[in-house]
Every structure is written in C-alpha cells, then in structure tokens.
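Chemist: Mind folding the following:
(2 chains)
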Amino acid sequence: MGLRLSYDDRSAAVLVFPVLAVLLVVAAYPILYSFWVSLHDIVLTRPLRRPFVWFENYERMLGDARFHTAVLRTTVYTVVTVSVVSVLAVGVALLLNETFPGHKLLNALLLLPWATPSIVNGLMWKWIYDPTYGLMNAVLVKLGLIESYRAWLGDPDLTLLLISNAAIWKQMPLAALLLLVTMKAIPDDLYRAAKVDGATVFQRFVHVTLPALRPGLMLVLVYETMISIRHFDLFLIMTQGGPGDASYTLSWLIYVETFRSLRFGTGAALSYLLAMLTFLLSWLFIRFLGEKTA
Amino acid sequence: MTQQTVSRRTALQGLVAAALGAPGLAAAQPAGAVNFIGWSAAVDQVKLHIAAFERDTGLHVNYENFPWAQFRTALVTRLVGDAPIDVAWISDAWLPEFVEAGWLADIEDMPGLKHYGSETSAYCNQSMTYKGKQYGLSYYGDHMSFMVNTDVMQKAGIAAPPTTWDEVVAQCLKIKAAGIMEYPLLLSLGADTWLIEFVSALSFSFGGSFVDDKGDSVMGAPGGGAVAAAKWLHAAIHTHKILAPGAVETVELNGLRAFGSGAHAFTIEPTYRIRSLNDPAQATAAGKIRPALMPMGGAHGTHDTCGWIRFYGMTPAAKADRARRERTVKFIEYFGGRDTHGDYSLQKLLLLDVGLPSCAVPLAQDSAVQGFWERWAGGGAVIAEQAMKARKKDVISPWFGEWVETSNQAWQSICLGRATPEAALGAAGAKWNELKRAFR
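Modeler: Numbers count the residues shown, from 1 in each chain, chains lettered A, B, ... in the order given. Just a heads-up that it's a prediction; the model follows:
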C-alpha cells in the first residue's frame, strides 16, 4: 500500500523542497564529497594519480608528530581562551546588570571589539605587539617594566597566549551580552528572599546568580569552544603558525596541508578529525551541563 | 552523423560562465587573445608592455594577476581545473613539479624561442631546463646579496665590508660596543616564501648543500655546511646577540623596510631590492647601501649565494593548438626576448623601473643599464661577480612544494633554540627522503 499524503503534507513538501534542494547542493554534497576526498591520496600537483587509500590519510595524520603538536597547541589555546572569556564575561555582565551613570554608553562601547572585523582585529594586535613600533613595548618601557623593545610574537612561550589575548578581546563582548540577557531574566524575588535570609553579596552570586546563569553559560561555553577550536584568522595574520611550531594549531595544519602543500586528501581527513572533535566536545558540554540545567 | 558529447567539466564550465557573465573565461574572449597570468609585481610596466604588444601584433592579451603569496595555489587550482591559460610566470622552484604534472610545455621544437639561449646567461638557461629540455624564456634572474650600510660602518671605524661570517660577528660586536645599535645584523627569518632562499644562501656560503648529487638529503649531516650555517645563526642570536631574536618574526618585506630605515649595518636581500634601498623616497638610509660579496663561513666556505629565476612558461594546451601556440610564442618572445623592434625593451624597463636584473647577456653592455648600477649600487662589478657565484636551490624537485614548510619550521626551531641544528635539519632531511621515496 502506497504512502498517502494529505493536501497539507503535499503543500508542505512542495514548499520545503526548494530549500532542501539548495541545502543538498551547497551543504550535503560538499560534506559527503570532502569525506570521499579524505579517502583518496590526492595531491593537486600530481593530477595523474589519486589512489583510493581507505582510511590511510586518517591513520597517517594520527601518527604524525605535527598532528600531536597541533592538538596540544589547540587545546592550550582553547582552554585559555574559553576560560578567560567566560570568567571575564560573567564579570562584565554583572557590571552591566547594575544601573549607574553611563552604563548605556558602556553597553554600546562593549560591542565595538565584537563588531571589529577579524582581519582588522588581527592586524591591530599584531601592530600592538610589534617589536619596533608596537604600543605594548612603548607602554612597558615607559612604565619601566622592560628595558628594551621585545619581539613578543617571536617568543614561542608567549605566542599562543598573546594570540589568545587578541581573541579574548574580540569574543568576550558577545559572551557578556549573552550572559547579560540570561541575568536579566533572573527574578528579583530570588535576590530579595536571599537578602531576607541574610545572604552576603558573594553568597547571592554563588547561590542565586550562578545557578540561574547556567543555561547562558552553557551556550557561551559551547559557542566559544567551537569558535576557538577552529580559530584560524588570527593565526594567519599574526604568526602563520610560527615561530617554529609555537602556534601550529589544527586549523593551521589543515591550511598548510590543503593550501600550501596542496595535499587535499590529508587536508580533508584532518578537517573531519577536527569536526569530530568539535562535535564531541559540544556533545559533552550539552550532555553534562545541559542535564543539570534541566 | 557525428555524435557530439559534452563532458561534465565542460558543461559545468559553461554553466558557471553563463552564471558569472564569464569575464575571464575563454567563451567570452575575443579571437586572437593570449591568456597570461602572473603575480602582482611590476603591474604597471607589464600593462605598458601589453599595450605595446597589442599595438605591434594586433593580438589581444587577457592579463590576470594574483599576490605572490597566493600565486602558486591560484595557478595550480586553475591548471587543475583546465582554465584557459596560455602562458604564466613560473618560478624555477616549481619547474620539476609542474613538468611532472603535465602543466608546462617545452620549447625545444620552437627555434624562434630556443635561439635566445645563446643570449641568455648560462645560469638562467640551466634554471629553465629540466631533464634536458628548456621550458621558457626568462622574466628575470636574481640572487641573494649581502648588503652593508656604509654609514654605520664609517661611524664604527670599519674600513671594508666583512669577507667571512666570523668577520661579520667581529664587526657587529664592534658596532654594538660603540653603542651605535643593538642588533647590527638583520636577517629576515620569518616563515614566508623567501626563507628557503635566505637559508640556502647562508648554507652555500658555508660550503654546504641540502642534498647530494643523487638528490638524497645531506642537510642534517654533522659537520656539513648546512649544519655549520645553522650553528652560526643560532650563535648570532643567542651567544653574540648581534641578530634580534625577533628575526623569526621578520618577513622579507619588513626586513627590507627595517634595513632601509638605517637601523642595521648588514643584511641579506634579493639584489633587485638595492634600487628601493637607495631611493630617498623609499628609504632613509638611501645612498648608503652597497652590495658586498657573500661572506664565507667555516673551513669550506665560499662566496657562493643562492640564485633564482622566474620565467614565461607555456601550457601544453596552448602548445597543442596551432593558432594558440603561434600567439603564445609571439607573446613569450616579445616579453622574454626581443620585441618586434629587436630590443629587450621589457627586460630593460623592469631593471630601470623596478630593479629586476635581466638574464639577457647583451643588456649588460647597454649604457642605461650600466648607468643604473652606477647610480643605485655604486657600480655593477660586485653584483656581476656575485651573480657568477649564484647557485640555484639544490632542493628544487617535484616535491619541493610539499617539503618546504617542514624546512621553514626546522630553521625557525634552530633560531629559537628549541632544537639542535643536527636534530632539526635531520628531521627536515628525513621528510625530504620520505617525499622522494613516495614520488617514485
């Protein structure tokens, strides 16, 4: 017996079909095709051969020292960026939740870094860190904290942290706004009740604000983790993965494999590994943080 | 009845062409056009010469250019996609890779182009030749030069440029001791496309090489020239402190600007930069910068340096079609050889306007060319002598593009003190051998 569809179902199918078709062409096909590519040993400069190698690209990359370095760098960068963004965003949201003269102006100013294009943000921080004319050197020398100008981004122990700082400057405002929205939704009754019970400001924050912030915080954690783990533009503009391998993250490794070495097979395999890692982390956040929220 | 079939690629190209109005695709091009692709260098001079070519030959040129940093990727993707390219600027570093991929056509059976070999310097001819076949005519040929700031040397009481890398250290320490500057030596060791030329020049001057005659890696050999050069580099940064640790952050263009500002005494730069370094409109140290022979390093040192050329290469698709081939040959001759008036007009213009040295031997006798070197370099003798000692990169191979990133990382790790020269170059050498084996 054939499937009988009502008039409404058929109308809905007709209306949805164009969008579905576009999605299949622009999203599903490239995703599936790139997976197919990841199963081949494709090097663009060797167009006459493209052997099917099953999961050899994945195997090769998982055993590659550069991949291990990239995972380590990505982890450090993500942990630092997400932690600092989250903590700062909570603080800024708490501040903006108060009413004081100029708080509306501060609200507007907060959006500036977030509205700055990534390229501009990267160049701005690169210039701030510059070893010859950078603002950071000038300020630190004036304050007597350093004796002479330093090549900040040339110091492999600081590179990741300095890039992370540039990312935090840009990403924190959005996180703060997301948390502020959540904070505004906390009923005043809860604070009044806590006050009646003699709770201090700190106790009200820990026992009222923080639990109520959990949905917003989860959103911030998931969003910031997904952004940070795949971050690329700052690395391209500020350090190109260097010096040495100091800022060699997964995104940078994918770029090098795909667009410099033109090894599309391993580049696609790495992209899938990164995508799987991102999904896994997001799932863990939602699974554990989301459960407690419900 | 002849059955005509349309391939999927042709159909897609047609579809895309229709959708985009196809400004750059063959379907929309006038008949008799030459499709030329280059990087964004000397764009004004090239456009001027294209106008002259179109006037003299009646042919049209479709000219596209991309930034150098993205050029190889842009060109490769177009070649893979069968874009209608007739001729392109090619780096000697890509020659084996492109020939093996079937993207370049040789000019052995084109006497109109081939006869220019007798007027081209031997080094340039060799650099356009792969497996005994020549693949084009030169755009320009250059080498890395050791450059000195005579003003700084004079202030420090130094009479002559250093001839060995030990002397470089001694003179730098003297300049430092005089309180003239903290880091007298400037080397652009940022991981950009120039890094391999810088480290090759340094290694060659230490009598070193990266690979042996069989093409196997010797770069990590203890006691080898590359390791000796790397050790010297590490000592210059960490022991003598004559080279800023930030050198690993300095790419060639930034290094050029820093040296032009007069903040350093010695550097290595492509020779063609001498013009902008001595141009008062572009550099405060203008008039004080002079080339010197590459210093020698260690017991087996030489004054050798690293050279390179860029050339006009024809695609096999252009060669296969008689009409396209004729147009392309005319274009290559007009740009890489003599124009219809018998002059090396573009080569001369590129030198006089931009400073790009020519591979054309007859131009060396041209009074305007001699005047150029006199004006911008204080004479052409040192540059000519250094040019004779220029060697092409010994790592040029079909897998060069896949390997060079590993090499850049190795050299940066050495500069940062994160790996010993033997270990870092040994790892780069292992990668080289792995890629070589995989290519067979």
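
Chemist: What ranges in the chain fall below the confidence cut-off?
Modeler: You didn't pick a chain, so chain A it is. A:1-2, A:290-294 (pLDDT under 70).

Chemist: let's do chain B instead
Modeler: Ranges of chain B meeting pLDDT under 70: B:1-31.

Chemist: run the last query once more with 50
Modeler: B:1-29 (pLDDT under 50).

Chemist: Spell out which residues make up each domain of it.
Modeler: Split into domains by automatic domain parsing, chain B comes to B:29-142+B:308-373, B:144-307+B:383-439.

Chemist: close to chain A, is stretch B:189-196?
Modeler: Yes. Counting by CB under 8 Å from any CB of the partner chain, chain A is contacted by stretch B:189-196 at B:190-192. Yep, even glycine has a C-beta here, placed from its N, CA and C like the rest.

Chemist: So for A:Leu105, which of the domains of chain B sits nearest?
Modeler: Distance to A:Leu105, taken as CB to CB, is lowest for domain B:144-307+B:383-439 among those, at 37.6 Å.

Chemist: centre of the chain versus that closest one, how much separation?
Modeler: On the basis of CA atoms, centre = their mean, to the nearest Å, domain B:144-307+B:383-439 is displaced by 15 Å from the centre of the chain it belongs to.

Chemist: and the stretch 51-200 of chain A, which residues reach chain B?
Modeler: Proximity of the stretch 51-200 of chain A to chain B (CB under 8 Å from any CB) is limited to residues A:131-132, A:148, A:150-151, A:153-156.

Chemist: Name the next helix or strand downstream of the helix or strand that contains A:Leu253, please.
Modeler: Using DSSP states H and E, A:Leu253 maps to helix A:250-255. Next in sequence after helix A:250-255, counting helices and strands by DSSP H and E, comes helix A:264-293.

Chemist: Going by contacts, tell me the helices and strands next to that following helix.
Modeler: Under the contact criterion of 3 or more CB pairs under 8 Å, 6 or more residues apart in numbering or on different chains; DSSP states H and E, helix A:264-293 touches helix A:29-38, helix A:56-62, helix A:210-229, helix A:250-255.

Chemist: So which elements touch the very next helix or strand once past the second one?
Modeler: What that stands for is helix A:56-62. For helix A:56-62, the succeeding helix or strand toward the C-terminus, using DSSP H and E, is helix A:65-96. If you count contacts as 3+ CB pairs under 8 Å, 6+ apart, helix A:65-96 packs onto helix A:103-115, helix A:159-184, helix A:210-229, helix A:250-255.

Chemist: Now do the contacts for A:Phe35.
Modeler: Contacts for A:Phe35 (CB atoms under 8 Å, 6 or more residues apart in numbering or on different chains) come out as A:268, A:272.

Chemist: I'd like the distance between the residue nearest the centre of chain A and chain B.
Modeler: With the centre of chain A defined as its mean C-alpha position, the nearest residue by CA atoms, centre = their mean is A:Ile227, 1.6 Å away. Applying CB to the nearest CB, to the nearest Å, the value for A:Ile227 to chain B is 25 Å.

Chemist: Okay, buried residues for stretch A:15-34 please.
Modeler: Neighbour counts using 16 or more other CB atoms under 10 Å in any protein chain shown place A:Ser34 of stretch A:15-34 among the buried residues.

Chemist: which residues touch it?
Modeler: The contact list for stretch A:15-34 (CB under 8 Å, 6+ apart) reads A:268, A:271-272.

Chemist: who wins for neighbours among those residues?
Modeler: Counting neighbours by other CB atoms under 10 Å in any protein chain shown, A:Ala268 comes out on top of the contacts of stretch A:15-34 with 24 neighbours.

Chemist: Contact partners for that residue?
Modeler: Contacts for A:Ala268 (CB under 8 Å, 6+ apart) come out as A:34-35, A:37-38, A:57, A:258.

Chemist: what about 7 Å?
Modeler: By CB atoms under 7 Å, 6 or more residues apart in numbering or on different chains, the residues touching A:Ala268 are A:34, A:37-38.

Chemist: can you check B:Ala387 too?
Modeler: Contacts of B:Ala387 by CB under 7 Å, 6+ apart are B:His143.

Chemist: One more: the one 5 residues further on?
Modeler: Taking CB under 7 Å, 6+ apart as the definition of contact, the neighbours of B:Lys392 are B:92, B:126-127, B:307-308.

Chemist: backbone phi and psi for A:Leu5, please?
Modeler: Main-chain dihedrals, A:Leu5, degrees, to the nearest 10: phi -110, psi 140.

Chemist: Next, count neighbours for it.
Modeler: Counted with other CB under 10 Å, the neighbours of A:Leu5 add up to 11.

Chemist: What sits closest to it if chain neighbours are left out?
Modeler: Distance criterion CB to CB, 6 or more residues apart in numbering or on different chains; nearest residue to A:Leu5, sequence neighbours excluded, is A:Ala13 at 7.2 Å.

Chemist: and that neighbour, that one's in a helix?
Modeler: Yes. A:Ala13: assigned to a helix according to DSSP: H, G, I helix; E, B strand; the rest coil.

Chemist: can you give me the end-to-end distance of stretch B:53-63?
Modeler: 12 Å (CA to CA, to the nearest Å).

Chemist: So which bits of that stretch are buried?
Modeler: Buried positions in stretch B:53-63, judged by neighbour count with 16+ other CB under 10 Å: B:53, B:57, B:59-62.

Chemist: Likewise for stretch B:384-401?
Modeler: Across stretch B:384-401, burial judged by 16+ other CB under 10 Å covers B:386-387, B:389-401.

Chemist: Let's see which of the residues you listed end up in strands.
Modeler: B:390-392 (DSSP state E).

Chemist: burial count for the residue in the stretch 51-200 of chain A that chain B sits nearest to?
Modeler: Residue of the stretch 51-200 of chain A nearest chain B, by CB to the nearest CB: A:Ala151 (2.5 Å). Neighbours of A:Ala151 under the rule other CB under 10 Å: 21.
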